[in-house]
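Novice: Kindly generate the corresponding structure for this input.
(chains A and B)
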There are 2 protein chains.
Amino acid sequence: MSYCLGMLLDVGLVFMSDTRTNAGIDNISTFRKTFIFDAKEDRRIVILVAGNLAITQNVLSRLEERLEDDDVKTNIYSQVSMFDVARLVGATLREVHGEEADALKNHDVDFSASLIVGGQIKGRRMRLFNIYSAGNFVEATAETPYFQIGEAKYGKPIIERVITPQLSIAEAVKCGLVSFNSTIRSNLSVGLPIDLTFIPRDNFEGMYHHLILEDDPYFNSLGDIWGQGLRDLFSTLPDPEWIR
Amino acid sequence: MSYCLGMLLDVGLVFMSDTRTNAGIDNISTFRKTFIFDAKEDRRIVILVAGNLAITQNVLSRLEERLEDDDVKTNIYSQVSMFDVARLVGATLREVHGEEADALKNHDVDFSASLIVGGQIKGRRMRLFNIYSAGNFVEATAETPYFQIGEAKYGKPIIERVITPQLSIAEAVKCGLVSFNSTIRSNLSVGLPIDLTFIPRDNFEGMYHHLILEDDPYFNSLGDIWGQGLRDLFSTLPDPEWIR
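Specialist: Here you go, the predicted model:
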């Protein structure tokens, strides 16, 4: 499993992904799930992946190999809009489905893959998409300015309560890290390091990436402060009258 | 879906279950998922159910009908220990599986059912079991004194951080209600009313049941206080240095 989070804020796009993959709990390894496309000045694009690693790596390999091609239809750097980028990623996922799904089915393996695709192309608005296994996708809006993929449930309550487009980067990152902390505590299949990427809005220089490692003192202290704060908050809750 | 929670505390057993069932989001109804066996003075037993309602109702109907039988092997009130009660419930679930599983499979319906069984029989210790679809089961211990079944993930972080055997009833109930609040906020398939049942340890008179309805002022205020407290706690978190 994985846990990835994308947030569409007024200040820009924040992406976070864990790096653990497991084929059974006795087969755990570390893979990056954040893929950055920033080789061209006119666009900043990030893709996060969850689900079957063989499928998502297959999709990303195709997208990366085609950056060398002259075929504008399949080259991320040739796409005119982020909507076109999302369609290309969805189409590539369908391509992989066409080649792989039957073989996987013969081994009772689900064709499971979900991707978060976000970014901005010069002169166009910043957009964030959630692409499903079927290659179809939805876009984040002001009402729901975030997407979670993978092991999303443990970390959802804090996200739901806190995330709004008006958050600062620091607030959004803190909320994301608390969400990751709850998820990592509850689920072995999600683990550090955490890839953190920020794309500022309408700014094609200031892209920012940070890798949060196991021993990151800030992440660990944040978890401790949050855990203690929850217990303190809990101790302030009034008792129900109807308990004798 | 459902959400049920059972906690094994020094003071006794606390059981909580929601009452929503859904066959598709356009087919939501209210069913009790808490079943109490307290007709005999020598035992207090509670069963919580999650999963396919047709399966769990089938299991409970068999258990209830057999309360009238003379067959001591299949009568909950004739079981010598809570371990025997858990084995009886598991065996009854396997009986239902034998009759229903193939028909369900023909319609691509999973045979999904999980039950929490807890209680105490006079002269024996209080025990709490989690029974899986296969009819096998595990028992709660001091290290993990609770079981969740159904839609458990949203509400797990607070449970994990707070529940210990030393909690008072009020503390355990508050923790459970916060967990239910987070789950209900995040998942349409879990809803009020909430059935709350308490069996005091070594006391066969003091059993306690309370139904928390939609308009319960305490539950609603608890959700508000918790939500505001989370936002306040969040606002106290230090910023990461590595954010520019």
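Novice: which secondary element of chain A has the worst mean pLDDT?
Specialist: strand A:28-30 (a mean of 75; mean pLDDT, DSSP states H and E).
Novice: For the closest residue to residue A:22 other than its chain neighbours, which residues are in contact?
Specialist: Leaving out its chain neighbours, the residue that sits closest to residue A:22 by Cβ to Cβ, 6 or more residues apart in numbering or on different chains is residue A:28, at 4.5 Å. (Each C-beta comes from the backbone N, C-alpha and C, glycine too.) With contact taken as Cβ atoms under 8 Å, 6 or more residues apart in numbering or on different chains, residue A:28 is in contact with A:20, A:21, A:22, A:188, A:189, A:191.
Novice: Buried by neighbour count, from the residues you listed: which ones?
Specialist: A:20, A:21, A:22, A:189, A:191 (16 or more other Cβ atoms under 10 Å in any protein chain shown).
Novice: now, which of those sits nearest chain B?
Specialist: Comparing the buried ones among the contacts of residue A:28 against chain B with Cβ to the nearest Cβ places residue A:189 closest, at 12.3 Å.
Novice: Name the helix or strand for that closest one, please.
Specialist: If you go by DSSP states H and E, residue A:189 is not part of any helix or strand.
Novice: out of everything not next to it in sequence, what's closest to it?
Specialist: In this structure, residue A:189 finds its nearest non-sequential neighbour in residue A:1, 3.7 Å apart by Cβ to Cβ, 6+ apart.
Novice: contacting residues around that neighbour?
Specialist: A:20, A:22, A:50, A:150, A:151, A:187, A:189, A:190.
Novice: which residues of chain A score low on pLDDT?
Specialist: A:23-25, A:244 (pLDDT under 70).
Novice: what about the helices in chain A?
Specialist: With DSSP state H as the criterion, chain A has helices at A:53-65, A:82-106, A:156-162, A:169-186, A:217-235.
Novice: in the longest one, what's buried?
Specialist: Judged by neighbour count using 16+ other Cβ under 10 Å, the buried positions of helix A:82-106 are A:82, A:85-90, A:92-93, A:96-97, A:100-101, A:104.
Novice: Can you flag which of the contacts of residue A:1 belong to strands?
Specialist: Secondary structure from DSSP state E places A:20, A:22, A:50, A:150 of the contacts of residue A:1 in strands.
Novice: Now for the last one: which residues touch it?
Specialist: Looking back up the chat, that one is residue A:150. Contacts of residue A:150 (Cβ under 8 Å, 6+ apart): A:1, A:2, A:3, A:4, A:18, A:50, A:51, A:114, A:190.
Novice: And for residue A:239, the neighbour number?
Specialist: Residues near residue A:239, counting by other Cβ atoms under 10 Å in any protein chain shown, number 13.
Novice: Report the separation between it and residue B:171.
Specialist: Per Cβ to Cβ, to the nearest Å, residue A:239 is found 8 Å from residue B:171.
Novice: Could you tell me the phi and psi values at residue A:216?
Specialist: phi -60, psi 110 (degrees, to the nearest 10).
Novice: show me what contacts the residue lying closest to residue A:91 once chain neighbours are set aside?
Specialist: Computed as Cβ to Cβ, 6+ apart, the closest residue to residue A:91 that is not its neighbour in sequence is residue A:135, at 6.4 Å. Residue A:135 is in contact with A:90, A:91, A:93, A:94, A:97, counting by Cβ under 8 Å, 6+ apart.
Novice: Just send those back as TSV, with distance to residue B:66 too.
Specialist: As requested, the contacts of residue A:135 are exported to TSV (distance: Cβ to Cβ, whole Å):
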residue	distance to residue B:66
A:90	54
A:91	58
A:93	52
A:94	53
A:97	50
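Novice: with the residues you listed in mind, which one is nearest to chain B?
Specialist: Using Cβ to the nearest Cβ, residue A:97 is the member of those that sits closest to chain B, with 20.1 Å.
Novice: Now do the same contact list for the closest one.
Specialist: A:111, A:133, A:134, A:135.
Novice: and the residue of chain A nearest chain B?
Specialist: Across chain A, the shortest distance to chain B (Cβ to the nearest Cβ) belongs to residue A:153, at 3.5 Å.
Novice: Name the nearest residue to that residue, ignoring sequence neighbours.
Specialist: residue B:153 (3.5 Å).
Novice: can you pull the contacts of the one you found?
Specialist: A:153, A:154, A:186.
Novice: these two touch, right, the last one and residue B:157?
Specialist: In other words, residue A:186. Yes: contact criterion Cβ atoms under 8 Å: residue A:186 and residue B:157 qualify, at 6.0 Å.
Novice: Show me which of those two is the more surrounded one.
Specialist: More crowded of residue A:186 and residue B:157, by other Cβ under 10 Å: residue B:157, with 26 against 18.
Novice: Around the residue nearest to residue A:132 when sequence neighbours are not counted, count how many other residues there are.
Specialist: In this structure, residue A:132 finds its nearest non-sequential neighbour in residue A:114, 5.9 Å apart by Cβ to Cβ, 6+ apart. Close neighbours of residue A:114, defined as other Cβ under 10 Å, add up to 22.
Novice: Now do the same contact list for residue A:114.
Specialist: Contacts of residue A:114 (Cβ under 8 Å, 6+ apart): A:49, A:50, A:51, A:130, A:131, A:132, A:133, A:149, A:150.
Novice: What backbone torsions are found at the nearest residue to residue A:167 once chain neighbours are set aside?
Specialist: Take residue A:167 and drop its neighbours on the chain: the residue closest to it by Cβ to Cβ, 6+ apart is residue A:9, 5.6 Å away. Taking degrees, to the nearest 10, you get phi -110, psi 160 for the backbone angles of residue A:9.
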